Every structure is written in C-alpha cells, then in structure tokens.
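Visitor: just coords:
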C-alpha cells in the first residue's frame, strides 16, 4: 500500500479550502487531514495532526501565512510548506521562499501542477513554474551573496542545471554518474555560495545572476 501524503490547507477563504478538498480527495495517495482559516490555527493543527505538507495562504487575518511559515520552519521543519499565492503577492512570495517554503502554487493552478508540487515538496524538492520564477526574479533585492559563474565548480554547475530543470537528486546522480549523497553535498555547497537554504531560492538567485545554463 502506498503511504498516504497527509495534507493541511490553510486559507481564510472557505471556497478555496472546499475546492482544494474536492481536488485532493480524488487522489488515492492524498489525505486532507485538516483545514485552517489563519496562521495561528495552522500552527496548532500542525502540532496536533502532523501533516506532511501544508498548503499555506499568505494573506490571512490574525497571524498571516508568512509568520506561520517562519514558526513552522523553526518548530516543525520536517513539514513541507507550499505557498498558495496570486500574481499580486510577489514580495511576500520571495519572503516566504526565504522563510523556508518549498514552492508555490497559484490559486488558479491545474490539478497536475497541484499534485506534482505536493509530491515534490514531500520529497524535499521544489517545482517552480516559469511564470512564478519570473515573478520571484523581478523582486530579488540583492541581499544574497555576490557570486559569479567562476565561483561554482563545473560539477556544481551541472548539479544546479539539473535542479533548474526540476530533476530529483536521484535523477541528477544517475545522469552525472555520482552518488545521491554526493549530489546533496554539492547542493549544500551551492546553497552556501549563493547564500540560500532551499532549491527554490537557489534557482531564483542563480537565474537572476545568470548562472543557469541556457536551454
């Protein structure tokens, strides 16, 4: 039997929560374990229900989603957070990414993207769609470390290229003929050099600085 992916939805709009419930319940390996209408309730339910993934709205009354993400990153870092966002929340998106969110879902996303993003988050990976990445890049404020192509090794550039194409660590390892552990070591080095702590942030910063290979 496939392990269920336990999901919590945090959004102050009931219609959004109901819509996500209907979609999530169509997948046999997904289980919607709870719903929250604000950040404080999301944190409490995470403590009680221990979900694998939280779909987190950024703008909610009381404690907002960004503050909740920051709390969860410290208190329950094993829970993957995926931001629910709209096109007019670019600055919050970037801040959420830096706070530890695994990725983003636009509220008008399709089912396939929703499912792929949730599964990637559970694997500790990130899927960023081009339209979302472009929004992130347009709002980067230059706070990351100064870096240029020569600062990354050839192997790190190869790993970074795989990450930017949405490859999993296992897939990168197979393509490059190295172990998955070595890929993770390269990723740790890349994060350190870029001044980030997630795949999504690494992609955003690397693209902004022209470090990603051209297709």
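Guide: That came through, no problem. In this text the structure is predicted, and so the values were computed from the model without any measurement.

Visitor: so where's the chain shaky on pLDDT?
Guide: Where the chain drops to pLDDT under 70, the residues are 1-2, 87-90, 126-150, 213-215.

Visitor: which parts of it are strands?
Guide: Secondary structure of the chain, counting by DSSP state E: strands at 5-10, 30-36, 53-57, 80-85, 103-106.

Visitor: parallel or antiparallel, list what pairs with the second one.
Guide: Using DSSP bridges, strand 30-36 pairs in its sheet with strand 5-10 (parallel).

Visitor: got the angle between the strand it pairs with and strand 53-57?
Guide: 20 degrees (axes from the mean of the first three to the mean of the last three Cα atoms, to 10 degrees).

Visitor: not counting its neighbours along the chain, what's nearest residue 171?
Guide: Nearest in space to residue 171, with sequence neighbours left out and distances taken as Cβ to Cβ, 6 or more residues apart in numbering, is residue 162 at 7.0 Å. The C-beta positions use only the backbone N, C-alpha and C, and glycine is treated the same way.

Visitor: neighbours of the one you found, how many?
Guide: 21 (other Cβ atoms under 10 Å).

Visitor: distance of it from residue 197?
Guide: Distance check for residue 162 against residue 197: by Cβ to Cβ, to the nearest Å, it reads 19 Å.

Visitor: what's the domain layout of this protein?
Guide: The chain breaks down into these domains under automatic domain parsing: 5-137, 149-208.

Visitor: tell me the buried residues in stretch 19-37?
Guide: 20, 23-24, 27, 30, 32-37 (16 or more other Cβ atoms under 10 Å).
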